[in-house]
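Chemist: model the structure of this input:
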Amino acid sequence: MTVLGVLTAGFSVGIFNFSMFGMDPFQVLAHGIWSHFKIGFGTFYMMINLIMLVAVFLIDKSKIGLGTLINIFLLGYVVQFSSWLFDTLMPDPGLAVRIGALLIGIVIISFGSALYFTGDLGVSTYDAVALILSEKKVAKFQYCRIATDILCTLIGFLLGAVVGIGTVVTAFFMGPIIAFFNKAVAIPLRYGKDGAPSNDAAK
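Modeler: All right, here's what the predicted structure looks like:
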């Protein structure tokens, strides 16, 4: 669940990029910062996650595990590859294809996130923020996720990243969709129909 979920989520970012309607909120933040550096995105993504890793470790080290390591060391390269793949296969997509890619991307990234959240072997440093806030009873996971997504979008935009309708849709709907897949797929897959989840993110 952890490996499949993380790689699926990473691959879906390439679908977002292909749709040309804007990236997901954390990618907007990452690209906004990255645009001021002259290094490859995969390497930069690894660096920014390592910095965030230190903060997460100090706050709640239980969120760090296999999923975290895959996110830090592989996800940026998966994004880079999937973006190249779709651009190569279909360099000039029509509007209908782009809209379809946006909708599919949102569903796939939410599904992948639900899998590796519930796999409970560590999450990405960014995903850990909303999970930690929800477990500290700040608000339900979906609302914490909406807040962090909006903040990332705003900062990334101010730093020069492209924000599109896909970014806005993701910021408001990704949290609730992840919560849905947690209940409908990820929790039954791991615990069975009557099993209890291990954290508040699934509620």
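
Chemist: okay, and for the chain, where does confidence drop off?
Modeler: Low-confidence segments of the chain, defined by pLDDT under 70, span residues 194-203.

Chemist: I'd like the next helix or strand past the longest helix belonging to it.
Modeler: Longest helix in the chain by number of residues (criterion: DSSP state H): helix 95-119. Counting by DSSP states H and E, the next helix or strand C-terminal to helix 95-119 is helix 125-135.

Chemist: same for that following helix, what does it pack against?
Modeler: Where contact means 3 or more Cβ pairs under 8 Å, 6 or more residues apart in numbering; DSSP states H and E, helix 125-135 is packed against helix 41-60, helix 95-119, helix 141-158. To be clear about C-beta, it is placed using only N, CA and C from the backbone, and glycine gets the same treatment.

Chemist: what angle do helix 95-119 and the shortest one make with each other?
Modeler: Counting by axes from the mean of the first three to the mean of the last three Cα atoms, to 10 degrees, helix 141-158 lies at 130 degrees to helix 95-119.

Chemist: the first one now?
Modeler: Relative orientation of helix 41-60 and helix 95-119, computed by the same axes, to 10 degrees: 40 degrees.

Chemist: contact partners of helix 41-60?
Modeler: Among residues not part of helix 41-60, those counted as contacts by Cβ atoms under 8 Å, 6 or more residues apart in numbering are 30-31, 33-34, 37, 63-64, 68, 71-73, 75-77, 79-80, 124-126, 128-129, 132, 135.

Chemist: can you list contacts of the helix or strand following it?
Modeler: Counting by DSSP H and E, the element after helix 41-60 in chain order, helix or strand, is helix 66-70. When contacts are taken as Cβ under 8 Å, 6+ apart, the neighbours of helix 66-70 outside the stretch itself are 2-3, 5-7, 53, 56, 116, 119, 121-125, 128.

Chemist: need the buried ones from the residues you listed selected in PyMOL.
Modeler: Typed into PyMOL, the line below selects the buried ones among these, using 16 or more other Cβ atoms under 10 Å:
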select buried, resi 2+5+6+7+53+56+116+119+121+122+123+124+125+128
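
Chemist: show me what the longest helix of the chain is packed against.
Modeler: For helix 95-119, the elements it packs on are helix 2-19, helix 125-135, helix 165-181, helix 187-191, judged by 3+ Cβ pairs under 8 Å, 6+ apart.

Chemist: and the nearest residue to residue 125 once chain neighbours are set aside, how far from residue 129?
Modeler: With sequence-adjacent residues excluded and distances taken as Cβ to Cβ, 6 or more residues apart in numbering, residue 125 is closest to residue 52, at 3.6 Å. Separation of residue 52 from residue 129 (Cβ to Cβ, to the nearest Å) stands at 8 Å.

Chemist: looking at those two now, which is surrounded by more residues?
Modeler: In terms of neighbours (other Cβ atoms under 10 Å), residue 129 is the more surrounded of residue 52 and residue 129; the figures are 23 against 18.

Chemist: is it true that that one touches residue 149?
Modeler: No: the pair residue 129 / residue 149 is not scored as a contact, 10.2 Å apart, by Cβ atoms under 8 Å.
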